[in-house]
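Peer 1: Structure for this input, please:
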Amino acid sequence: MYNITATIVTYNNSYSMLKKAMDSFLSTSLNVRLYIVDNSPNDKIKDYCKDERIEYYFVGKNIGFGAGHNIILRQKEKLGVYHLILNPDIIIPKDTLSVLLKYYEKNTSIGMMSPRIFFPDNSIQYLPKILPSPLNLVIRFIPFLDKIFYKTSNNYVLKNANYNKPFNIGILSGCFMLIKSDKLENILFDEHFFMYFEDFDFSRRIGKKYDLILYPNAHIYHDYGRGSHKNIRLFITFIKSLFIYFNKWGWFHDKYRRKINEKILNQFK
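Peer 2: Numbers count the residues shown, from 1 in each chain. Take a look at the predicted model:
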C-alpha cells in the first residue's frame, strides 16, 4: 500500500506550474502515487504524465474542484494510508511530507493537517482559519473594513496564533489537505459547490469528528492568485458558493461555529 497518494485537479493550468507541483510531490522518498484529474477541454498534458507513479484521468469538461477530487476519493482501493488534496500551484519542499506523516502517526486524534503556507517570496499566507461568519467575509472583500474591525479580521485568519507549536484550526485550505484515508469514511466533497467553499464545508464535516491541525514546523509554497477578486465570473461563482455554504450551515445562528471558534481562539490567550 502506498504511504501517501495525492490528487491534483487541473483546468487549463500551465504545464510549467503543474510540473513543479508534480515533481515536488514525487521528490519524496516515500512510496507515493499521484492522480491527475484533468478538467480541461483537451488532454494535451497527458503526454507529460508518463512517470509510472502518475495516473492520469481525462474528464474533458470542467466539473468543478470537489467533483474532480471525488473521482479518486470514491475509489477507496486507490488511496494510500494517507491521502493529500493538492492544488496545481503548490511546491512541497523535499522533507515536508515525511515530517507531517511522522507527527500525524503520533497524534491519532488528527483528522486533517496543514503545514504553514508561504507565498513564493517567503511571506506567510493566512489560509487556515476559524469557521467563517458572514461578517468575516464582508470584511475580507471590503478592504477598509479590516482596519475598522481589525481584531475580528485578525482572529478570522489566526494572525495572533502561536506559530511555535501545532494548534487547532477550523478550516484548511483546499490547496493542501492531508488526511489519513481511513478517517475519510464516507465523506466526499459536496458537489453543490462548483468552486470556492468546498474546502470550508469539507473541513467542517471532518472537524466534527476529528482535530484539524496546523503544523508549523513544516511548510509549502503556494502561488496564490485570489482570482475571485479580479474576475467577475469567478466573483459570481464565489457569491453563489457563499450562499450555498451559509444556507447549509447557518448565517447568524450557528451554535457549533461559535463553540469551535471560541475553543480555537482560547488556545492563544
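Peer 1: gap between residue 238 and residue 200?
Peer 2: Per Cβ to Cβ, to the nearest Å, residue 238 is found 12 Å from residue 200. No exception for glycine: its C-beta is placed from N, CA and C like everyone else's.
Peer 1: Ok, residue 48 next?
Peer 2: Distance from residue 48 to residue 200, by Cβ to Cβ: 32 Å.
Peer 1: Show me which of these two is the more surrounded one.
Peer 2: residue 200 (22 against 14; other Cβ atoms under 10 Å).
Peer 1: Now that one: closest residue in space that isn't a chain neighbour?
Peer 2: Excluding the flanking residues, the one nearest residue 200 by Cβ to Cβ, 6 or more residues apart in numbering is residue 171, at 5.3 Å.
Peer 1: is it true that the one you found touches residue 114?
Peer 2: No. Taking contacts as Cβ atoms under 8 Å, residue 171 lies outside contact range of residue 114: 9.5 Å.
Peer 1: Common neighbours of these two, please.
Peer 2: The contact sets of residue 171 and residue 114 overlap at residue 128 (Cβ atoms under 8 Å, 6 or more residues apart in numbering).
Peer 1: For the stretch 51-200 of the chain, just list every one of the helices.
Peer 2: 65-73, 96-106, 134-141, 145-148, 150-156, 198-207 (DSSP state H, counting those that start in this stretch).
Peer 1: Let me know which of these is the nearest to residue 86.
Peer 2: helix 65-73 (9.4 Å; Cβ to Cβ).
Peer 1: quick one, the closest one and helix 198-207 angle?
Peer 2: Helix 65-73 and helix 198-207 are oriented at 50 degrees to each other (axes from the mean of the first three to the mean of the last three Cα atoms, to 10 degrees).
Peer 1: how about low-confidence regions in this protein?
Peer 2: Along the chain, the parts satisfying pLDDT under 70 run over 225-230.
Peer 1: Need the single longest strand in it, by residues.
Peer 2: The single longest strand within the chain, with elements called by DSSP state E, is strand 211-222.
Peer 1: Enumerate every residue touching the residue nearest the centre of the chain.
Peer 2: By Cα atoms, centre = their mean, the chain has its centre lying nearest to residue 174, at 1.8 Å. With contact taken as Cβ under 8 Å, 6+ apart, residue 174 is in contact with 65, 85, 87, 198-199, 202.
Peer 1: Now do the buried residues in stretch 124-143.
Peer 2: Neighbour-count burial for stretch 124-143, counted by 16 or more other Cβ atoms under 10 Å, picks out 125, 127-133, 136-137, 139-140.
Peer 1: before we move on, what about stretch 203-214?
Peer 2: 203-207, 210-214.
Peer 1: and which of these is nearest residue 167?
Peer 2: Nearest to residue 167, judged by Cβ to Cβ, of these is residue 214 at 5.7 Å.
Peer 1: Which strand residues bridge the closest one?
Peer 2: As for beta bridges, residue 214 partners with residue 114, residue 167 under DSSP bridges.
Peer 1: correct me, but it touches residue 117?
Peer 2: No. Look at residue 214 against residue 117 with Cβ under 8 Å: they stay out of range, at 9.2 Å.
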